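Q: Can you look at this prediction? I've put the sequence above it.
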Amino acid sequence: MSGVCGLIAGDLRAKARWLYEADSAGALLKTLLTDGTFAMVTYRLMQASQRCGLTPLAMIFNKLNVIFGQCIIGRGADFGPEFVLIHSQGLVINSGVRGGRRVFVEHQVTIGAEKRQSPVLGDEVFVGAGAKVLGTVRVGNGVKIGANAVVTKDLPDGATAVGIPAQVVRLFGKPV
């Protein structure tokens with residue numbers, strides 16, 4: 001249980017730094033009261049329950065997230081430390097999705113499977129509001145996906161992708 005508590009604490013600190021540029025006690029308290037935080041914590045509890053073989057409890061956390069977090073995160077979805085839901089409304093993440101550390105996700109995002117093949121996200125990834133990441137996509141480290149982008153092809157490390165379909169417009173901060 002200490003592992004899940006450490007993950008939750010790390011997630012909360014990362015969100016506080018994102019929102020308030022600090023992880024002081026005051027920033028953490030404000031973070032606890034912001035949109036998306038309930039969904040983050042419930043996701044971690046669901047993930048821990050699933051790993052411990054407590055499937056009925058995992059299903060309860062999943063449904064709590066649907067009702068109160070206003071999002072759907074599959075029970076098998078697996079994200080590393082410092083997973084941040086900036087906003088959770090309308091978020092849909094497929095059960096087969098894998099993500100690294102420091103993945104930041106806005107509202108109305110879909111990270112979904114196609115033909116049972118799910119995306120894999122690297123470390124230090126930002127997914128903007130309304131974006132869709134679909135299918136057997138590999139998103140590299142340090143990637144930024146713009147609002148409403150539709151990602152259907154792999155994105156290399158350091159890419160900034162925008163549009164429908166998503167196109168890389170910057171690579172490591174330099175225009176392409």
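A: Structure received. Numbering: from 1, shown residues only.
Q: for this structure, which helix is longest?
A: If each helix of the chain is counted by residues according to DSSP state H, the longest one is helix 2-20.
Q: can you pull the contacts of the residue nearest to residue 154 when sequence neighbours are not counted?
A: What sits nearest to residue 154 in space, not counting adjacent residues and going by Cβ to Cβ, 6 or more residues apart in numbering, is residue 138, at 4.6 Å. Using the backbone N, CA and C atoms, a C-beta is placed for each residue, glycine as well. Counting by Cβ atoms under 8 Å, 6 or more residues apart in numbering, residue 138 makes contact with 119-120, 122, 154-155.
Q: can we see that at 10 Å?
A: Contacts of residue 138 were listed using Cβ atoms under 10 Å, 6 or more residues apart in numbering, and they are 98, 119-122, 153-156.
Q: likewise residue 166?
A: By Cβ under 10 Å, 6+ apart, residue 166 lies in contact with 131-133, 137, 145-146, 148-153, 155, 159-160.
Q: Helices - which of the residues you listed land there?
A: Judged by DSSP H, the subset of the contacts of residue 166 located in helices is empty.
Q: Most neighbours of all those residues, which one?
A: Neighbours were tallied for each of the contacts of residue 166 (criterion: other Cβ atoms under 10 Å), and the maximum of 29 neighbours falls on residue 133.
Q: Would you give the sheet partners of the helix or strand of the chain with the lowest mean pLDDT, along with the direction of each?
A: Of all the helices and strands that make up the chain, the one with the lowest confidence by mean pLDDT, DSSP states H and E is strand 174-175; it has a mean of 88. Within its sheet, strand 174-175 is paired with strand 167-171 (antiparallel), according to DSSP bridges.
Q: residues near residue 56, how many?
A: When neighbours are defined as other Cβ under 10 Å, residue 56 has 7 of them.
Q: quick one: contacts of the least confident helix or strand of the chain?
A: In this structure, residues lying in contact with strand 174-175 by Cβ under 10 Å, 6+ apart are 158, 160, 168-169.
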